[in-house]
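1. generate coordinates for the sequence data below:
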Amino acid sequence: MSSGGIIRHLSRSRRVLSLLAATLLFPLAGVFVGIWEQQRATADWIDFENEHLRLARLVAQLEARMPPGAPPDFTIQFRRRGQLYGGPYAITQARAARDEAATLSTLMSIRRMLPPVVSWAAGLAGVLSAAVLVAGGLLGRFGRASRETLVRGFAAMRRVLPPVLALRITLGTVAFVAAVAFEAAALAQPGLGSAEMKMIAVAIAAVLASLWVAGKTLLRLRHALAAFEPDPLPMLGRPVGPAEAPGLWRLVTELATKLDALAPESIVVGLTEGFSVSAGPKILEPAEQALDGRTLYVPLPYLALLRPDEIATIISHELAHFAGGDTSYSLRFLPIYAGVDRSLSAVADGAASGSAFGLLRPAMRLGSFVMDQFHYAVRHWSREREFAADALSVRPTSPDAAMRALLRTGAVTPRVNETLDHAIEFPHAAPADLVTASIETALARGLDDPGEHLGIEQAHPTDTHPTTRDRLARFGGSLTPTLLAAAAAPPEPDAHQTLARYFADPARVCENATADFVGVVREHHHVYQAHLEATAAEVGEEARVLFDNSRRPAIFCSAVGAVFLLASLALAILGFPGLSRPEAHVVAWFACAPGAVFAAVGIVRLRRGERVLLTLRPDALVIPALDRPLPWHDIADLDMHMRYNGIGIRLLLPPEAPFPQCTQRSRALKLDTERRIITLRIGVPRKMAPRQVAELLGLYRRAAQARTLLTEHHARPTEPTDFPLPPETRHDATV
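-> From the prediction side, this is the model:
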């Protein structure tokens, strides 16, 4: 086994062990904890019950020695909590100790009920987890044998999974709460101290937090059962009818007849993506036209750059999906994916709260396991149906044409992408016909080596296709030099004229598709630029200075000092009832000393003024103790956290940015030149909350990034009047 295979095997083994530990071993441990607690509970109850009986007998003996109305007998003694009592107090304390022992015995009797709850809840949680694991595994196995079983089985699982996860979370929470309550009850001993009280408070907090998180998660899981309506599939293109595309419709109809497949109800042409079929609702952009039913999407650049038999093979492959009902099955998969995903999201939101003590992790792992089994089965059928569609696609043509179609698609795709990418970068200079521009790019540069694209997966909006290498292997042919050369051969100079066999007016079809594509790109550019301008405008040109919050404390110190000084002056002049004049003077001097200190501190801080913590400029962040401002574009990452005495800010600078130096010693500032981290500790600024500081820093940083992008956009050279090729492609191609 290769090193890569060993690593994958070990990784899979770890995942399996982690899954079993979270879903089965953890509940099993809970069962043993419950059994162990049961043994302790019985022993503790016997001890407290015996103590109660002993104290009851002792109280009866003491009461017999001093019956009601008899004179006090101080020879009677009773020690409780280290204190010795005599006479009537001894009997009183003995009765209190007896009643306390009776209460604790009752508490221990109730406590004995908790361990079975722990064991049963944990055991049922383990059984439930095992049932989900077995059911998910069997459904995945049977689903790979029958697509109908896959859909029916996991459709039922989608409905059952939310209540099962809710029950699993409930059982886990009940076991946890019962175990914590049992241990907290053990702290209830005579003479309960502060340490025990703190531990009981911690236990109560843990119980309340777990109940809160579990309750919120259960409420979220209710929505996982809601009905799901798939969103329409966005598609950039226009529908073409038989009058606009007579040759294309004739070809598609003939191929559907030969394959005994359903013909598409509509054909959409565009510039992006690859050939594909779909049966659900769609939205055609940019016209926002709703479309439903069986649809075949045809990319115009490939229609011009591939040979007729290669195009026939690809369209036959897509129509074979209609013959196998693949598109309708894909629509049935979507609600299953959505339902399981909503269940996982509900549990994940609860686990993300950080106060679930790991109670939601088993439910999360169970949901992920079900999702993985469904995904593996769907992927299996996706691959099998792709291979089945490949097998059908060669009927109207030949295996050689099918292999060339796969190889040539990989060789053509980079040229098409380069042309469209340049149209995205220079939309105002894009030609009126990007299909012709794609052909010209392919003629100028030639096509890619098909052998370099054997590992790619064909572009498809909904399914995962096998790699080109796997699909070629199913055709039974070999990658001969002749085949590779034929797939990599550049298009004919008049390749754009081949579109005439498919469309009545190919130039108009290509120009309409180009206009739609460029229009969408321009609209996206406009929206993006408007977003950048709005973001940059959120920060004005003036710097924002954040001051420390020292003014109020200084005023408070001054006021306190003034009160003390006035009080000392009043004592010195007026005296105080009950004090002699010398005594009043002494008290006045003692009041004057702290008053002078408070007043001096307050006046000094007021005269010093408010200290600048940070200065936020539109272009940079200024920290007073650093020798240079920090440009926002030089801050790779910014992190802020609360401290007990203020705010902590960490800034990460990239290697290429100059690292600042300290101009003065400060315990609040730390520079780590090796890791290029600046750590700053500041108080909460005046008239601001910590959240507002974080929002302000993020706002200035986003605004600076927006201004940088806008500057780069405006600094571009004037867009050329003709559509350019990439600089590295400007050479004469040998055809």
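
2. so where's the stretch 501-650 of the chain shaky on pLDDT?
-> By pLDDT under 70, the weakly predicted segments of the stretch 501-650 of the chain are 550-554, 576-581, 583-584, 605-610, 643-645.

3. now the strands for it?
-> Here the stretch 501-650 of the chain has its strands, by DSSP state E, counting those that start in this stretch, at 544-547, 612-616, 620-622, 630-631, 637-643, 646-652.

4. just the stretch 151-300 of the chain next, same as before
-> Under DSSP E, counting those that start in this stretch, the stretch 151-300 of the chain gives strands at 233-236, 238-240, 266-270, 276-278, 282-285, 289-291, 295-299.

5. can I get those strands in TSV with distance to residue 132, mean neighbour count and mean pLDDT?
-> Glycine gets a C-beta too; all of them are placed from N, C-alpha and C. Formatted as TSV, the strands of the stretch 151-300 of the chain follow (distance: least, Cβ to Cβ, whole Å; neighbours: other Cβ atoms under 10 Å; pLDDT from 0 to 100):
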stretch	distance to residue 132	mean neighbour count	mean pLDDT
strand 233-236	32	17	86
strand 238-240	45	20	93
strand 266-270	42	21	94
strand 276-278	33	25	85
strand 282-285	36	20	88
strand 289-291	40	14	89
strand 295-299	38	24	92
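
6. out of these, the one nearest residue 376 is which?
-> Residue 376 sits nearest to strand 276-278 of all the strands of the stretch 151-300 of the chain, at 23.1 Å, using Cβ to Cβ.

7. just checking, what packs against that closest one?
-> Judged by 3 or more Cβ pairs under 8 Å, 6 or more residues apart in numbering; DSSP states H and E, the packing partners of strand 276-278 are strand 295-299, helix 308-323, helix 326-351.

8. export the strands of the stretch 151-300 of the chain to JSON lines and tack on distance to residue 137?
-> Listed next are these as JSON lines, based on distance: least, Cβ to Cβ, whole Å:
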{"stretch": "strand 233-236", "distance to residue 137": "32"}
{"stretch": "strand 238-240", "distance to residue 137": "45"}
{"stretch": "strand 266-270", "distance to residue 137": "41"}
{"stretch": "strand 276-278", "distance to residue 137": "32"}
{"stretch": "strand 282-285", "distance to residue 137": "36"}
{"stretch": "strand 289-291", "distance to residue 137": "40"}
{"stretch": "strand 295-299", "distance to residue 137": "37"}
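
9. closest to residue 128 out of those?
-> Closest to residue 128 of those is strand 233-236 (Cβ to Cβ; 37.4 Å).

10. partners of the closest one in the sheet?
-> strand 282-285 (parallel) (DSSP bridges).

11. neighbouring contacts of the strand it pairs with?
-> By Cβ atoms under 8 Å, 6 or more residues apart in numbering, the residues outside strand 282-285 that reach it are 232-239, 268, 289-292, 295, 516, 520.

12. tell me the domain ranges of this structure?
-> 18-225, 233-349+374-527, 551-608, 611-714 (automatic domain parsing).

13. possible to save the ones you listed as CSV with distance to residue 361?
-> Shown next, in CSV, are these (distance: least, Cβ to Cβ, whole Å):
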stretch, distance to residue 361
domain 18-225, 5
domain 233-349+374-527, 9
domain 551-608, 46
domain 611-714, 26
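
14. before we move on, back to that, the strands of the stretch 151-300 of the chain: which one's closest to residue 471?
-> strand 276-278 (15.7 Å).
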